[in-house]
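Trainee: Make a model of this:
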Amino acid sequence: MTNRSARPAMLALAVLLTLASAGARCAAPETAAPENAGPIPASGDAPFAIRRVASFDRPWAIAFLPDGRLVLTEKAGRMFLVTQDGARVPIEDVPEAYDHGQNGLLDVAISPDFARDALLYFTRVAPEDGGGVLALARARMEESGGRARLRDIETLWRQLPSSRGGQPGGIMAFSPDGRHLFLAVGDRMEPGTAQDPDAARGKILRLNPDGSAPPDNPMAGQEGIRALTWSTGHRNPYGLAFAPDGTLWEHEMGPRGGDELNRIRRGGNYGWPEVSNGDQYSGWPIPRHATRPEFDAPSLYWTPVIAPAGLAFYQGAAFPAWRGSALIGGLRAEGLVRVAFGADGKPRQADRWPLGRRIRDVAVAPDGAVWVIEDGAGAGLMRLAAP
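Mentor: Down below sits the predicted model:
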């Protein structure tokens with residue numbers, strides 16, 4: 001808690017820092033400022049009908065199998081196989097998760113060659129030393145006699161040391177050719193580590209499917225986490241996906257303002273915690289991206305925030321006008337955001353549909369319908385289809 005007698009001095013210093021930042025903005029070479037989509041009002045009537053299919057306890061992620069069924073994770077450490085009619089089968093033998101705050105069982109991704117290898121990739125914060133470590137694993141899903149279980153579980157990577165902080169990240173995306181797996185790691189509420197090249201926190205990693213370091217990574221010839229690092233300077237990433245043109249996009253929650261949508265480039269540094277388009281929760285200012293052109297600025301940002309969660313690119317037939325768009329769930333926005341891309345590749349918020357629900361994840365089914373899950377206890381799994 002801040003001492004009341006210190007507040008005038010702190011405020012004075014904040015003003016000086018803000019003026020200094022403004023001067024730096026004038027002096028530094030700037031690129032075109034990204035759009036702030038935060039003040040854009042919500043869209044009108046949604047062009048889809050919503051059907052609640054099933055309910056779950058604090059679900060976190062959904063992913064579609066080639067046959068149209070879903071794999072769904074719950075934070076407490078449960079995983080389910082779910083039909084599009086809502087029938088569920090628990091997937092047994094899931095490793096224990098550190099279910100505390102923002103931590104728990106997190107993302108799930110389907111092997112690009114699932115029809116042959118039946119592999120599921122999943123992330124969790126695993127309990128360790130009174131806290132937890134972000135862990136990436138894969139296992140073969142075996143079905144028999146109406147039951148499903150994980151077999152041959154293999155831990156591919158662990159983020160050490162352990163931490164009790166939230167903001168674990170844990171989102172995965174396979175490259176379009178299926179040869180590499182990208183993993184977003186949050187800063188675990190230790191922001192200074194996001195710029196430490198020897199710490200996994202605040203990084204996007206690029207791995208071979210077996211967890212090894214690809215020889216063409218930016219620092220592949222170095223030791224430890226450096227060999228796996230693809231980009232640096234991220235805060236709380238909860239969306240990672242490839243666009244139809246092969247571009248990797250990521251979104252992350254800012255502090256007090258400044259949620260970001262980033263075009264991820266090889267070796268990029270996105271600036272956290274040195275820069276942000278938001279401020280500390282205390283109100284203490286953070287220098288803006290425009291003051292430090294050596295860092296990659298977001299392509300789009302939101303102040304006020306939407307608290308983005310889940311990211312999928314739409315290529316289906318059910319909503320032709322959405323093809324090529326990014327669909328983002330909103331926790332704070334309690335809805336679904338559609339981001340469209342211009343001929344120059346620049347993103348803009350095209351729609352924001354209020355659903356009155358905190359949306360945790362979004363995925364596109366093989367038939368082109370969009371599926372979302374709510375956040376929290378008794379949360380709904382919902383199908384969005386053209387009316």
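
Trainee: Just give the closest residue to the residue most central in space within the chain, not the sequence neighbours.
Mentor: Nearest to the geometric centre of the chain sits residue 238, at 1.7 Å (Cα atoms, centre = their mean). Leaving out its chain neighbours, the residue that sits closest to residue 238 by Cβ to Cβ, 6 or more residues apart in numbering is residue 309, at 4.6 Å. No exception for glycine: its C-beta is placed from N, CA and C like everyone else's.

Trainee: can I assume that neighbour sits in a strand?
Mentor: Yes. With DSSP: H, G, I helix; E, B strand; the rest coil as the criterion, residue 309 is part of a strand.

Trainee: How about the contacts made by it?
Mentor: By Cβ atoms under 8 Å, 6 or more residues apart in numbering, the residues touching residue 309 are 238, 239, 328, 329, 330, 331, 359, 360, 361, 375.

Trainee: could you redo the last one with a cut-off of 6 Å?
Mentor: Applying Cβ atoms under 6 Å, 6 or more residues apart in numbering to residue 309 gives the contacts 238, 329, 331, 360.

Trainee: who does it bridge with?
Mentor: Taking DSSP bridges as the rule, residue 309 bridges to residue 329.

Trainee: Relative to residue 361, how far out is it?
Mentor: According to Cβ to Cβ, to the nearest Å, residue 309 stands 6 Å off from residue 361.

Trainee: Kindly report the same for residue 102.
Mentor: Residue 102 sits 14 Å away from residue 361, going by Cβ to Cβ.

Trainee: One more: residue 179?
Mentor: Computed as Cβ to Cβ, the residue 179 to residue 361 distance reads 25 Å.

Trainee: higher neighbour count, those two?
Mentor: Neighbours per residue, other Cβ atoms under 10 Å: of residue 179 and residue 361, the larger number sits with residue 361, 27 against 11.

Trainee: Okay, strands next: where are they in the stretch 1-150 of the chain?
Mentor: 35-36, 49-56, 59-64, 70-74, 78-82, 88-92, 105-110, 119-128, 131-144, 147-158 (DSSP state E, counting those that start in this stretch).

Trainee: Let's see the fifth one as CSV, backbone CA atoms only.
Mentor: These are the backbone C-alpha positions of strand 78-82, laid out as CSV (Å, rounded to 0.1, in the frame of the first residue of the first chain):
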residue,chain,number,x,y,z
ARG,A,78,-10.0,-32.5,-16.3
MET,A,79,-10.2,-33.2,-20.0
PHE,A,80,-13.2,-34.3,-22.0
LEU,A,81,-14.1,-35.7,-25.4
VAL,A,82,-17.3,-34.0,-26.5
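
Trainee: Remind me what it packs against, helices and strands.
Mentor: With contacts taken as 3 or more Cβ pairs under 6 Å, 6 or more residues apart in numbering; DSSP states H and E, strand 78-82 sits against strand 70-74, strand 88-92.

Trainee: what's the answer for the second one, then?
Mentor: For strand 49-56, the helices and strands in contact under the criterion 3+ Cβ pairs under 6 Å, 6+ apart are strand 379-385.

Trainee: so what's the closest residue to residue 41 other than its chain neighbours bridging to?
Mentor: Closest residue to residue 41 apart from its sequence neighbours, by Cβ to Cβ, 6+ apart: residue 352 at 7.9 Å. Per DSSP bridges, the residues bridged to residue 352 are residue 337.

Trainee: what separates residue 352 from residue 89, distance-wise?
Mentor: 35 Å.

Trainee: Same drill for the two, tell me which one is more crowded.
Mentor: Neighbour count, other Cβ under 10 Å: between residue 352 and residue 89, residue 352 has more, with 20 against 15.

Trainee: could you list every residue that touches the more buried one?
Mentor: Counted by Cβ under 6 Å, 6+ apart, residue 352 has contacts 42, 43, 337.

Trainee: tell me which of the residues you listed is nearest to residue 94?
Mentor: Closest approach between the contacts of residue 352 and residue 94, by Cβ to Cβ: residue 337, at 30.7 Å.

Trainee: Surely the closest one is in contact with residue 327?
Mentor: No. In this structure, residue 337 is not within contact of residue 327 by Cβ atoms under 6 Å, at 7.3 Å.

Trainee: show me where this structure has helices.
Mentor: For the chain, the helices defined by DSSP state H occupy 7-27, 114-117.

Trainee: Show the pLDDT at residue 387.
Mentor: Looking at residue 387, its pLDDT is 88.

Trainee: which residues touch it?
Mentor: Applying Cβ under 6 Å, 6+ apart, the residues near residue 387 are residue 49.

Trainee: Over to residue 380?
Mentor: Contact partners of residue 380, counting by Cβ under 6 Å, 6+ apart, are 52, 55, 374.

Trainee: Give me the local confidence score for it.
Mentor: Per the predicted model, pLDDT is 98 at residue 380.

Trainee: who wins for proximity to residue 217 among the strands of the stretch 1-150 of the chain?
Mentor: Among the strands of the stretch 1-150 of the chain, the nearest to residue 217 by Cβ to Cβ is strand 147-158 (13.6 Å).

Trainee: any low-confidence regions in the protein?
Mentor: Confidence mapping of the chain against pLDDT under 70 gives the ranges 1-32.

Trainee: do that again at 50, thanks
Mentor: Scanning the chain for pLDDT under 50 picks out 1-30.

Trainee: isn't residue 173 right up against residue 183?
Mentor: No. Using Cβ under 6 Å, residue 173 is not in contact with residue 183, being 8.4 Å away.

Trainee: If you count surrounding residues, which of the two has more?
Mentor: Using other Cβ under 10 Å, the more surrounded residue of residue 173 and residue 183 is residue 183, with 29 against 22.

Trainee: Report the beta-bridge partner residues of the more buried one.
Mentor: On DSSP bridges, the residues paired with residue 183 through beta bridges are residue 172, residue 205.

Trainee: Could I get the contacting residues of it?
Mentor: 136, 172, 205.

Trainee: and those residues as TSV, adding distance to residue 216 and neighbour count?
Mentor: Shown next, in TSV, are the contacts of residue 183 (distance: Cβ to Cβ, whole Å; neighbours: other Cβ atoms under 10 Å):
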residue	distance to residue 216	neighbour count
136	20	25
172	20	23
205	14	25
